[in-house]
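Enquirer: Sequence first, then the predicted structure, then my questions.
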Amino acid sequence: MSYQEKKVFVSIISSILIFTLYSLYAINNAEEGSITSASDFSFWGSFILVLLPVSIVAKIIIHIGFVIFNKIATNEDEPSFEDEFDKIIELKADRISLYVFFLGFLLSMVPLATDLPTYLTFLLLIFFGFLSDLMGRIAQLYFYKKGV
């Protein structure tokens, strides 16, 4: 497995763990009824505003740990350059990720346009934000294994 494949695999696992653990933590600490309340948007606003920096900091720490662990285990340095193949893979994966997020954004507008509960909009936005990141990373792993 190449360095890039290992890096993407660690990123997939860390994204799943961070999102799952933070979601469980936030839902367990939520006030009774604040998740499904039609007028209380403070839970969802704080959920998103805290999730972003928590996931960024956690991913930075995990990436640093991965580089250190990989250096110790394989004596292999992080590549100091990115070739055209890496750039093409990243662009293709970003395109897939944006398509998934755009689909999720459109679907999250359905509860606002219909009589469905408003909290479904936030649930769909959060879920498709996570799914778009995950699908982009899976696409990167696929393109590294199968080629472009």
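Expert: Received, thanks.

Enquirer: Name all residues that make contact with Phe66.
Expert: Lys6, Lys7, Val10 (CB atoms under 8 Å, 6 or more residues apart in numbering). Where C-beta positions appear, they are placed from N, C-alpha and C, glycine not excepted.

Enquirer: thought the first one was touching Lys71?
Expert: No. With contact defined as CB atoms under 8 Å, Lys6 and Lys71 do not form a contacting pair (12.0 Å).

Enquirer: For whatever helix or strand Ser55 lives in, buried residues please.
Expert: Element membership for Ser55 (DSSP states H and E) is helix 42-74. By 16 or more other CB atoms under 10 Å, the buried positions in helix 42-74 come out as Phe43, Trp44, Phe47, Leu51, Val54, Ser55, Ala58, Ile62, Phe66, Val67, Asn70.

Enquirer: who touches the fourth one in this structure?
Expert: The reference is to Leu51. Counting by CB under 8 Å, 6+ apart, Leu51 touches Phe19, Tyr22, Ala26, Ile126.

Enquirer: Just give the closest residue to the third one, not the sequence neighbours.
Expert: It stands for Ala26. Excluding its sequence neighbours, the residue lying closest to Ala26 (CB to CB, 6 or more residues apart in numbering) is Phe47, at 5.3 Å.

Enquirer: Report the separation between that neighbour and Met135.
Expert: 21 Å (CB to CB, to the nearest Å).

Enquirer: So which residues of the protein form helices?
Expert: 3-28, 42-74, 84-108, 110-113, 119-146 (DSSP state H).

Enquirer: Please render those helices as CSV that adds mean pLDDT to the earlier fields.
Expert: Output for the helices of the chain, formatted as CSV (pLDDT from 0 to 100):
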stretch, mean pLDDT
helix 3-28, 90
helix 42-74, 89
helix 84-108, 95
helix 110-113, 91
helix 119-146, 92
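
Enquirer: and among the ones you listed, the most buried is which?
Expert: Mean neighbour count (mean count of other CB atoms under 10 Å) peaks for helix 119-146 among the helices of the chain, with a mean of 18.

Enquirer: which residue packs closest to Ile12, ignoring adjacent ones?
Expert: Nearest one to Ile12, counting by CB to CB, 6+ apart, is Arg137 at 4.7 Å.

Enquirer: Please disregard the earlier target; I meant Glu78.
Expert: Nearest one to Glu78, counting by CB to CB, 6+ apart, is Val67 at 5.5 Å.

Enquirer: Brilliant, that's me finished.
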